[in-house]
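Chemist: no sequence on this one, just coordinates:
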């Protein structure tokens, strides 16, 4: 599907339509050129004998309505069934709503009228990165649902097995985009390890397995199902641990009563791996006794964002804690009324969801400037057009993934580093280190070239995530290779048999490249004008209803278009000029003429 280019739409809305010709009559110039203006395009067409019967300005450009299709010679039967579109940035498009004109593009019209045309683009117009008529557009996978602006599917095949197969199976069963499942799954897997292991990039630079992730979705789109599929194994493990501790505590109490002089060993405390309390005070108590860290689960991350200053005397009081929590660093909390809390490894992975509007409202300038938001692996996936399916996740696959989680949870911090202990440090294999260095230098160059500080911060944090995900993917692969369990792997860390391999680094680079692009896309949406956001929201709304809508349906469905058919048509025309859809005029047997025009998104299923 052709998606709306953010820069094209932004210029289209900001600059308005191109220059109109001074006269509607034929051009007297014999050297008309395609210079990106309305007048130049009109003169070029009329010089070649094309009759223009009218024109219309829209919020995204100008439409020149033709009496005949230059390619198929189909005669116009309406007011706007054959037209050339001139976007505000000079991009040209062609639309023929007749069946014979299906698939005819501007390049076909240009070649039919002038096999070797003189094409001069307007000064400053840069078409790189936009889908042009001369180049094939990127198409979604066959049978894929329509995509929101700039969206690219998550590279699920970059994940190690059985995680990749599990993510696909859950997405199919729950009728979700794969990214909706993958993003919380990465945090759940990372939270199973947290500060137990760290990748040693070089002396003094360690990256733990801590992962923060967030899915941006509307309420009711199924995000809770994805969270449940990602977190079910950790919740199950924690319930088992609490039940074990309760049994052993009861047996301990009974033994003490029966024989007070010979006290048995006290039961091992229940391992905690998931918490729901987002307050610093609550998490500090857990982290003081759980040095490997914990996973914070928040179905709505708005509560986490809103908790930063709830109990602090000054704004920003909780942010230092969270910055430490992302790095697994030591953290000290001083309290006036009781003893201070020393956290040897303040390690907190985070997983949750948030609604698009809430994200924009709740993220403060301080959150951006501190890099807090850039630490999130964030995705705003599309919501597929859902239809019932009997697909389910195979029980054997669930058992395989459960085994991976249990293997990761069995990893322990290095006991040879004192009472507080430290994570096991895992270095690269030589070829993996070489790949990391190449990636690091490329990423730093792209960071320097970032258009804003927010985009640069996005790159900065993703460089660290490349190492973290390489560690996580290495551990997942080892979980399926080492039948003896996590203890055997930790014993092998001292040899090359326990190092980070090239495959893990390459997988991590692919995933991080995707997150960088998605982060830039979300930042661009937040930086856009309100008019552009309205067009993007309109396209997403049409996608959710199957990719087709008439002006009448739009006026009846969305409040902003009530009794505003001209505005509805203009906004749909803006999407046509931007290249993301076209008008169709369906015919029905038994009727004298065509039905009302239907706007159809490119790539939408047949109506």
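Modeler: Yes, it's here. Keep in mind that this is a model prediction, so the values were computed, not measured.
Chemist: CA atoms for contacts and neighbours, from now on please.
Modeler: OK.
Chemist: now the helices for the stretch 501-607 of the chain?
Modeler: 502-527, 530-544, 551-557, 565-577 (DSSP state H, counting those that start in this stretch).
Chemist: Need the contact partners of the third one.
Modeler: Okay, so that is helix 551-557. Identification of contacts with helix 551-557 by C-alpha atoms under 8 Å, 6 or more residues apart in numbering yields 561-565, 568-569, 597-599.
Chemist: can the helices of the stretch 501-607 of the chain go into TSV with extra columns for mean neighbour count?
Modeler: Listed next are the helices of the stretch 501-607 of the chain as TSV, based on neighbours: other C-alpha atoms under 10 Å:
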stretch	mean neighbour count
helix 502-527	19
helix 530-544	18
helix 551-557	17
helix 565-577	22
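Chemist: Give me the average confidence score over stretch 582-598.
Modeler: Across stretch 582-598, pLDDT averages out at 67.
Chemist: how far does it stretch from start to finish?
Modeler: Terminal residues of stretch 582-598 lie 8 Å apart, using C-alpha to C-alpha, to the nearest Å.
Chemist: hmm, back to that, from the contacts of helix 551-557, list the buried ones, please.
Modeler: Burial by neighbour count, 16 or more other C-alpha atoms under 10 Å: within the contacts of helix 551-557 this picks out 561, 565, 568-569, 597-599.
Chemist: among those, which two are most distant?
Modeler: Greatest spacing in these, by C-alpha to C-alpha: 561 and 597 (17.1 Å).
Chemist: hang on, the earlier thing: export the contacts of helix 551-557 as a markdown table, with columns for distance to residue 410.
Modeler: Shown next, in a markdown table, are the contacts of helix 551-557 (distance: C-alpha to C-alpha, whole Å):
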| residue | distance to residue 410 |
| --- | --- |
| 561 | 57 |
| 562 | 59 |
| 563 | 63 |
| 564 | 62 |
| 565 | 62 |
| 568 | 58 |
| 569 | 60 |
| 597 | 62 |
| 598 | 58 |
| 599 | 55 |
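Chemist: of all those residues, which comes closest to residue 63?
Modeler: residue 569 (12.7 Å).
Chemist: wait, what's in contact with the closest one?
Modeler: Counting by C-alpha under 8 Å, 6+ apart, residue 569 makes contact with residue 551.
Chemist: begin at 899 from here
Modeler: Sure, I'll start numbering at 899, so the last one becomes residue 1467.
Chemist: Can you report how many residues neighbour the closest residue to residue 1494 other than its chain neighbours?
Modeler: With sequence-adjacent residues excluded and distances taken as C-alpha to C-alpha, 6 or more residues apart in numbering, residue 1494 is closest to residue 1483, at 6.4 Å. By the criterion of other C-alpha atoms under 10 Å, residue 1483 has 16 neighbours.
Chemist: Can you give me the neighbour number for residue 1157?
Modeler: Neighbour tally, residue 1157, other C-alpha under 10 Å: 10.
Chemist: phi, psi of it?
Modeler: Dihedral angles of residue 1157 (phi, psi; degrees, to the nearest 10) stand at phi -140, psi 80.
Chemist: and it, what does it touch?
Modeler: By C-alpha under 8 Å, 6+ apart, no residues touch residue 1157.
Chemist: same question, the one 10 residues further on
Modeler: Each residue near residue 1167 by C-alpha under 8 Å, 6+ apart is listed here: residue 1143.
Chemist: where's it relative to residue 1136, distance?
Modeler: Taken as C-alpha to C-alpha, the span from residue 1167 to residue 1136 is 12 Å.
Chemist: Surely residue 960 is within a strand?
Modeler: Yes. Judged by DSSP: H, G, I helix; E, B strand; the rest coil, residue 960 forms part of a strand.
Chemist: gap between the closest residue to residue 1337 other than its chain neighbours and residue 1322?
Modeler: Excluding the flanking residues, the one nearest residue 1337 by C-alpha to C-alpha, 6+ apart is residue 1407, at 7.7 Å. For residue 1407, the distance to residue 1322 equals 23 Å [C-alpha to C-alpha].
Chemist: swap in residue 1147?
Modeler: From residue 1147 to residue 1322 the distance is 31 Å (C-alpha to C-alpha).
Chemist: Looking at these two, which one has more neighbours?
Modeler: residue 1322 (23 against 16).
Chemist: The more buried one contacts residue 1096, doesn't it?
Modeler: Yes. Using C-alpha atoms under 8 Å, residue 1322 is in contact with residue 1096, at 6.1 Å.
Chemist: returning to what we had before: now tabulate the buried ones among the contacts of helix 1449-1455 in CSV and tack on distance to residue 1108.
Modeler: What follows is the buried ones among the contacts of helix 1449-1455, written out as CSV (distance: C-alpha to C-alpha, whole Å):
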residue, distance to residue 1108
1459, 46
1463, 51
1466, 47
1467, 49
1495, 52
1496, 49
1497, 46
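Chemist: Go through those and say which is closest to residue 1115.
Modeler: Closest to residue 1115, out of all of the buried ones among the contacts of helix 1449-1455 and judged by C-alpha to C-alpha, is residue 1459, at 24.0 Å.
Chemist: which residues touch that closest one?
Modeler: Neighbours of residue 1459 in contact, by C-alpha under 8 Å, 6+ apart: 1452-1453, 1465-1466.
Chemist: These: which two are farthest apart?
Modeler: Largest pairwise distance in the contacts of residue 1459, by C-alpha to C-alpha, is 10.3 Å, between 1452 and 1465.
Chemist: Show the pLDDT at the nearest residue to residue 1442 once chain neighbours are set aside.
Modeler: The spatially closest residue to residue 1442, leaving aside those adjacent along the chain, is residue 1283, at 5.9 Å (C-alpha to C-alpha, 6+ apart). Looking at residue 1283, its pLDDT stands at 74.
Chemist: do residue 1429 as well
Modeler: At residue 1429, pLDDT is 68.
Chemist: repeat for residue 1092
Modeler: The model's pLDDT for residue 1092 equals 91.
Chemist: now the contacts of residue 1459 in TSV, with pLDDT?
Modeler: Listed next are those as TSV, based on pLDDT from 0 to 100:
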residue	pLDDT
1452	90
1453	90
1465	87
1466	87
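Chemist: Please tabulate these in CSV and include distance to residue 1417 as additional columns.
Modeler: CSV is the format used below for the contacts of residue 1459 (distance: C-alpha to C-alpha, whole Å):
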residue, distance to residue 1417
1452, 31
1453, 33
1465, 32
1466, 31
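Chemist: Would you mark the buried spots in the longest strand along the chain?
Modeler: With residue count as the measure and DSSP state E as the assignment, the chain has strand 1092-1100 as its longest strand. Buried residues in strand 1092-1100, counting neighbours by 16+ other C-alpha under 10 Å, are found at 1092-1099.
Chemist: what inclination does the helix or strand following it have with respect to strand 1092-1100?
Modeler: Counting by DSSP states H and E, the next helix or strand C-terminal to strand 1092-1100 is strand 1103-1107. Strand 1103-1107 runs at 150 degrees relative to strand 1092-1100, counting by axes from the mean of the first three to the mean of the last three C-alpha atoms, to 10 degrees.
Chemist: Parallel or antiparallel, list what pairs with strand 1103-1107.
Modeler: strand 1092-1100 (antiparallel) (DSSP bridges).
Chemist: Need the contact partners of the strand it pairs with.
Modeler: 1104-1109, 1189-1192, 1226, 1243, 1245-1247, 1309-1312, 1320-1326, 1365-1366, 1369, 1398.
Chemist: Next: stretch 1336-1349.
Modeler: 1353-1355, 1357-1358, 1361, 1407.
Chemist: among the residues you listed, who's most crowded?
Modeler: Busiest of the contacts of stretch 1336-1349 [other C-alpha under 10 Å] is residue 1357, holding 27 neighbours.
Chemist: Distance check, it against residue 1188.
Modeler: From residue 1357 to residue 1188 the distance is 31 Å (C-alpha to C-alpha).
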